[in-house]
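K.L.:
Quick one, structure for this:
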Amino acid sequence: MRALLEHRSPDERRSPPSAAVATGRQGKEVPELSERQRLILRKVVERHLACGEPVPSKWIAAQSDVPWGPSTVRAELHRLERVGLLHHPHTSAGRVPTERGYRAYVDDVLERGALPAQQLAKISLPAVRRELEQAMREATAQLSQVTNLLALVTAPPIETTTIRRIEVLPLQPQVVMVVVITSTGGVTKRVFSFPGPVDRGLVEWAESYLNETLRGLEVGARMVRKKLDDEALGEHERAFLREIGAVFTDLEETAQSNLFMEGAHRLLAEHRLPELSQIADLLSVLERRVLLLGLLRRWLDEPNVYLRIGSENPAREMRSLSLVAANYGTPLRNLGTVSVVGPLRMDYPRAITAVRATARELSRFVTEVYER
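P.N.:
Model prediction:
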């Protein structure tokens, strides 16, 4: 089977970051299978996904689209087990897929173009193009709901976000609020208290100065800090700017660390108790947001939808789990990653379809935001 498989819909011809599908297989190669073996493997995987139990040969042979008798099916199951695609938990039980079995199944599904209808993964973002953060939050929640898995969406990297507008507002004689609006629609607010009344003229000057000098600069750029402590300014003005400049530090930290997560509770459902050890690994990973961000941003230049099954994951903490991911962005640049993470017993076709649809919708959203 091919290691790299691509499928494009008509609206993907512009080759956005999320258009193609690539398996990204790593590790041992999956053996070539006959059509009969592929069909029997599909039956085992899909039945196991549905019920979570070992699949017996009698059940496979009884299916209407399986023309072979139980003895032939048993022989093929034995061959699939021998090449490492199936596992026999104990003598009297049926078979369950191994990591390589899931990989062979996914490759087969992609090669046949047998992903579920796109409507299964319909993602609906707000019609009003306001804050990108709100859109990412809603996309994460809907993706988790559609797939019944943990959904993760990373925010655009800090170097793609610029300052659009700054407001400095006197709330009380000794209290000032600073609002920073970014090019992605993000809004950061911070309230500052001073020991004495603040001159309103100083507040008005600060808003005018900050908008004139910082508008269009990248969040976190050195020039931002330089303008806040410009030696050409008077000491009174510089002291005020240094005090309220903490809002830009908040903005920088937020832009660097945004990782939206939804659906951890779905992995703890009763029907997933057999996968509890895998879920425990996942919960351990969730405590380390830096690991997840680093893992997802490592593939930010990847042009395709990609997946890692079990030991294919480069991070040791993820090697009992599976990940399906795609990048979203403008036609010229990938900005973030959409992904789902869950146990090996995952509905891979549905997950691939949902992730691809979410990445496509976010791509359309951010293109409007960045180009307005």
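
K.L.:
Please enumerate the helices of the stretch 251-372 of the chain.
P.N.:
276-286, 289-298, 348-371 (DSSP state H, counting those that start in this stretch).

K.L.:
Distance to residue 132 and mean neighbour count added to those helices, as CSV?
P.N.:
For glycine as for every other residue, the C-beta is placed from the backbone atoms N, C-alpha and C. Converted to CSV, these look like this (distance: least, CB to CB, whole Å; neighbours: other CB atoms under 10 Å):
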stretch, distance to residue 132, mean neighbour count
helix 276-286, 23, 15
helix 289-298, 17, 16
helix 348-371, 6, 22
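
K.L.:
Those: which one's closest to residue 76?
P.N.:
Smallest distance to residue 76 across the helices of the stretch 251-372 of the chain (CB to CB): 21.7 Å, for helix 348-371.

K.L.:
Only C-alpha atoms, please: export that closest one in CSV.
P.N.:
Extracted in CSV, the C-alpha atoms of helix 348-371 (Å, rounded to 0.1, in the frame of the first residue of the first chain):
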residue,chain,number,x,y,z
TYR,A,348,-10.2,7.0,11.8
PRO,A,349,-12.3,7.7,8.7
ARG,A,350,-14.7,9.9,10.6
ALA,A,351,-11.8,11.6,12.5
ILE,A,352,-10.0,12.4,9.2
THR,A,353,-13.1,13.8,7.6
ALA,A,354,-13.9,16.0,10.7
VAL,A,355,-10.4,17.3,11.1
ARG,A,356,-10.1,18.1,7.4
ALA,A,357,-13.5,19.9,7.4
THR,A,358,-12.6,21.9,10.5
ALA,A,359,-9.2,23.0,9.1
ARG,A,360,-10.9,24.0,5.9
GLU,A,361,-13.5,26.1,7.7
LEU,A,362,-10.9,27.8,9.9
SER,A,363,-8.8,28.5,6.8
ARG,A,364,-11.7,30.3,5.2
PHE,A,365,-12.2,32.2,8.5
VAL,A,366,-8.7,33.4,9.0
THR,A,367,-8.3,34.3,5.3
GLU,A,368,-11.1,36.8,5.8
VAL,A,369,-9.7,38.1,9.1
TYR,A,370,-6.1,38.5,7.8
GLU,A,371,-7.2,40.1,4.5
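
K.L.:
Let's have the helices of the stretch 251-372 of the chain in JSON lines, adding distance to residue 112 and mean pLDDT.
P.N.:
Shown next, in JSON lines, are these (distance: least, CB to CB, whole Å; pLDDT from 0 to 100):
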{"stretch": "helix 276-286", "distance to residue 112": "28", "mean pLDDT": "67"}
{"stretch": "helix 289-298", "distance to residue 112": "29", "mean pLDDT": "74"}
{"stretch": "helix 348-371", "distance to residue 112": "10", "mean pLDDT": "87"}
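
K.L.:
Residue 197 is nearest to which of the ones you listed?
P.N.:
Of all those, it is helix 348-371 that lies closest to residue 197, at 39.1 Å by CB to CB.

K.L.:
which other helices and strands contact the closest one?
P.N.:
Using 3 or more CB pairs under 8 Å, 6 or more residues apart in numbering; DSSP states H and E, the elements in contact with helix 348-371 are helix 99-112, helix 132-147, strand 304-309, strand 321-330, strand 333-343.

K.L.:
And the ones you listed: which comes nearest residue 265?
P.N.:
Closest among those, using CB to CB: helix 132-147, at 9.4 Å.

K.L.:
quick one: the closest one to helix 348-371, angle?
P.N.:
170 degrees (axes from the mean of the first three to the mean of the last three CA atoms, to 10 degrees).

K.L.:
Would you mind listing the buried residues in helix 132-147?
P.N.:
By neighbour count on 16 or more other CB atoms under 10 Å, the buried set for helix 132-147 is 132-133, 135-136, 138-144, 146-147.

K.L.:
domain ranges for this protein?
P.N.:
35-105, 118-155+258-371, 161-256 (automatic domain parsing).

K.L.:
Output the helices and strands packed on helix 348-371 as CSV; include the columns distance to residue 240 and mean pLDDT.
P.N.:
Listed next are the helices and strands packed on helix 348-371 as CSV, based on distance: least, CB to CB, whole Å; pLDDT from 0 to 100:
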stretch, distance to residue 240, mean pLDDT
helix 99-112, 59, 92
helix 132-147, 29, 88
strand 304-309, 49, 87
strand 321-330, 37, 90
strand 333-343, 35, 88
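
K.L.:
Save those as JSON lines, and put in distance to residue 61 too.
P.N.:
JSON lines is the format used below for the helices and strands packed on helix 348-371 (distance: least, CB to CB, whole Å):
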{"stretch": "helix 99-112", "distance to residue 61": "19"}
{"stretch": "helix 132-147", "distance to residue 61": "32"}
{"stretch": "strand 304-309", "distance to residue 61": "28"}
{"stretch": "strand 321-330", "distance to residue 61": "29"}
{"stretch": "strand 333-343", "distance to residue 61": "28"}
